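Asks: Predicted model and sequence follow; I will ask about them next.
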Amino acid sequence: MGQADWDDLKVFLAVARTESLSSAGKRLKLDPATVGRRIARLEEALGAALFTRSPQGYALTEAGQRLVPHAEAAEQAMIGAAEELKPGTGGLSGTIRIGAPDGCANYVLPQVCAALSDANPGLELQIVALPRVFNLSKREADMAIAVSPPTAGRLSVQKITDYRLHLAASRSYLAAHGPVRRLDDLKGRRMIGYIPDMIFDRELDYMSELGLTTVPLASNSVSVQFMWVRAGAGIAIVHDFAIPSGPDVVRILPGEFALTRAFWLIRHADDRRLERMNRIAEALVRGIRAEVARLESYPPVQDG
């Protein structure tokens, strides 16, 4: 294939992943009309319709679905060639988008990515914090952090680290409402947690571990839940690594109730052939492990 053919395949992949000419154009810095012309040119060259157009967007036809793995193989070959030819400076460069649940994205990744940026000035790091599972096949992110490993798809999965969660409240809340001496004392207390029908992963269904079904203050965001705790609004199950960012927040009954969960690094399987991606993944895993361990080392416990 010539250069023009690769350009068209690159446009094809962008439309396949975004299902929209305008969204693909934003990724490629092209106007939607140009994207449409490139798709039409590729379809003419291949003699097959690659997309079904509708008001909802562009959906792959059977021929388009068959083309995807070939286009992705070409994409990986081009990325690998660019890495081979790049002058060796020793540092990492380029743009990497990391998808993560908002607890990790807010309390762990900023420090890790800042250190990576300090060590690699040519590296551009983007954190996408969303309380849901990322679709790597659509390249929403170059790699993602998840709270449970996926069971389908051509993905590379690596356990990063375990992390712990405990009941927590602010000292001001406990001073106003009294300490929690045992789990039975939670009855009648205002609990903070996830919106039940918006829990996207069973690993996040913390309240069921306590046998609680009513959550008077609920959000799909860990950060919103933690801000409620900091404001003295009630009691929540909180990541130990978040507690140091709330000076007034303390753990409750750590000897009676604790949860352990894990972070997993999810990558495209083909990316394991790219040395740059392997080095970034290795640095990310090492940084997250160290930061979680550092933050978990000193969360205080409720007084009295």
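Replies: Yes, it's here.
Asks: just checking, residue 43 touches residue 49?
Replies: Yes. Using Cβ atoms under 8 Å as the test, residue 43 is close enough to residue 49 to be in contact (5.9 Å). C-betas here are computed from N, CA, C, even on glycine.
Asks: Name the residue in the two with the higher neighbour count.
Replies: Between residue 43 and residue 49, counted using other Cβ atoms under 10 Å, the more crowded position is residue 43 (18 against 13).
Asks: And the pLDDT for that one?
Replies: Per-residue pLDDT puts residue 43 at 88.
Asks: Same question for residue 132.
Replies: pLDDT recorded at residue 132 is 61.
Asks: The one 3 residues further on too?
Replies: At residue 135 the predicted local distance difference test score is 64.
Asks: Also residue 88?
Replies: Residue 88 carries a pLDDT value of 50.
Asks: So residue 145 lies in a strand, does it not?
Replies: Yes. Counting by DSSP: H, G, I helix; E, B strand; the rest coil, residue 145 falls inside a strand.
Asks: partners of it in the sheet?
Replies: As for beta bridges, residue 145 partners with residue 265 under DSSP bridges.
Asks: where does the stretch 151-300 of the chain have low pLDDT?
Replies: Low-confidence segments of the stretch 151-300 of the chain (pLDDT under 70): 273.
Asks: What ranges does it have for its helices?
Replies: Applying DSSP state H, counting those that start in this stretch to the stretch 151-300 of the chain gives helices spanning 171-177, 207-210, 222-230, 275-296.
Asks: Please name whichever of the ones you listed is nearest to residue 59.
Replies: Minimum separation from residue 59 across these (Cβ to Cβ) falls at helix 275-296, 29.3 Å.
Asks: Give me the contacts around the closest one.
Replies: Residues from elsewhere that reach helix 275-296 (Cβ atoms under 8 Å, 6 or more residues apart in numbering): 83, 92, 94, 96, 98, 104, 107-109, 111-112, 115-116, 119, 123, 142-143, 145, 158, 160-161, 163-164, 240-244, 263, 265, 267, 271-272.
Asks: Keep only those of these that are in strands.
Replies: Among the contacts of helix 275-296, the members falling in strands (DSSP state E) are 94, 96, 98, 123, 143, 145, 158, 160-161, 163-164, 263, 265, 267.
Asks: From these, list just the buried residues.
Replies: 94, 96, 98, 123, 143, 145, 160-161, 163-164, 263, 265, 267 (16 or more other Cβ atoms under 10 Å).
Asks: Let me see the contact set for the residue nearest to residue 298 when sequence neighbours are not counted.
Replies: Of all residues not flanking residue 298 in the chain, residue 244 sits nearest, at 6.7 Å (Cβ to Cβ, 6 or more residues apart in numbering). Residues counted as contacts of residue 244 (Cβ under 8 Å, 6+ apart) are 295, 298, 299.
Asks: Model confidence for residue 54, exactly?
Replies: Looking at residue 54, the pLDDT reads 86.
Asks: One more: residue 4?
Replies: 40.
Asks: what are the phi and psi angles of residue 37?
Replies: For residue 37, the backbone dihedrals are phi -70, psi -40 (criterion: degrees, to the nearest 10).
Asks: so how far is residue 30 from it?
Replies: Computed as Cβ to Cβ, to the nearest Å, the residue 37 to residue 30 distance reads 10 Å.
Asks: neighbour-wise, which of those two wins?
Replies: The neighbour comparison of residue 37 against residue 30 (other Cβ under 10 Å) goes to residue 30, with 18 against 14.
Asks: SS state for the more buried one?
Replies: Put simply, residue 30 is coil when judged by three-state DSSP.
Asks: That'll do, ta.
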